[in-house]
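Novice: Would you be able to build a 3D model of this:
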Amino acid sequence: MSGPLSPLIHLIDDDEAVRSSLSLLISTVGLRVQAWSHPQQFMAGFDAGAIGAIVLDVRMPGISGLTVLDTLVARGVDQPIIMLTGHGTVEMCRRAFKSGAAEFLEKPVDDELLLEALQSAVRQHVQSRERLQAGRQARERYAQLSAREREVLGLIVSGLTNKEIGRAIDLSPRTVETHRAHLFAKLGAESLAQLIRQYAALVDADGSA
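Specialist: Next comes the predicted model:
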C-alpha cells in the first residue's frame, strides 16, 4: 500500500542507526515511514488525523517515551503505539500497557515481530476509523428521520411485520409501508440487512438509538 493517503508510520528514536535500519525494514512491507530524532519534533509535526501507527523508543534524552505515550493518550490520539526498549522491565512493560500501548518490544527488535505488530496495528486503526465514519454517517442519516419514522425503524429492527407494526402504533399497513420506504431512502439502504446494519452502526456510535 503506497501513495499520499497510505498509512504512515512515525518512528521516534534518538539513535540514528536504529532509525535508519528500522525505517528501511518498515518500508519493505510497503508502509511509509517518517523518522524523528526527538519526541518534541515529532509532537510538533504529528498529524493526529492521519492513518498509521507510532513506534516509540522508551529511553530518550530529555523526555521519556512513556511520558510521550501518556501525552498522546491524554490528547486522544488513536494511532496504535508500539513501544521499544533496550532495557525493559516488567514494571515498565506493565505501565506501558496500562497507559495504552498496543505492543511492547525489546531491542534488538525481532524484524518479524515488529512488522507483524505494525501491520496488525495499521489494520486495527483503519477498521477503527471506518467504524467511526460509519457511525457519523449513521447519525447524520438518522437525524433526517421524523419521530414516527424512528419509531417504525425500531419496530422493523425488532422483527415485526408491517401489520404488527401497524397494530402496535395504530397505523394502517399501507402507512407503515410508506414510512418503511422513506426509511430505506433516507438511510441509503437497499435491503433489510443493510437497514439493520445502519441501525447497528448508530447503536455502536451512540450506545442507543
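
Novice: could you show me where the helices are in the protein, in order?
Specialist: Remark: helices assigned in the chain by DSSP state H are 16-27, 39-45, 65-74, 90-99, 111-142, 147-157, 162-169, 173-187, 192-206.

Novice: and these as a markdown table, adding distance to residue 80 and mean neighbour count?
Specialist: Quick note: C-beta positions are derived from backbone N, CA and C, even for glycine. Below are the helices of the chain laid out as a markdown table (distance: least, Cβ to Cβ, whole Å; neighbours: other Cβ atoms under 10 Å):
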| stretch | distance to residue 80 | mean neighbour count |
| --- | --- | --- |
| helix 16-27 | 14 | 16 |
| helix 39-45 | 15 | 14 |
| helix 65-74 | 11 | 17 |
| helix 90-99 | 12 | 14 |
| helix 111-142 | 4 | 15 |
| helix 147-157 | 33 | 17 |
| helix 162-169 | 44 | 16 |
| helix 173-187 | 32 | 17 |
| helix 192-206 | 20 | 16 |
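
Novice: mind putting these in CSV, mean pLDDT included?
Specialist: Shown next, in CSV, are those (pLDDT from 0 to 100):
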stretch, mean pLDDT
helix 16-27, 96
helix 39-45, 92
helix 65-74, 94
helix 90-99, 90
helix 111-142, 89
helix 147-157, 91
helix 162-169, 93
helix 173-187, 91
helix 192-206, 76
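
Novice: Quick one, which of those helices gets closest to residue 10.
Specialist: Among the helices of the chain, the nearest to residue 10 by Cβ to Cβ is helix 39-45 (6.2 Å).
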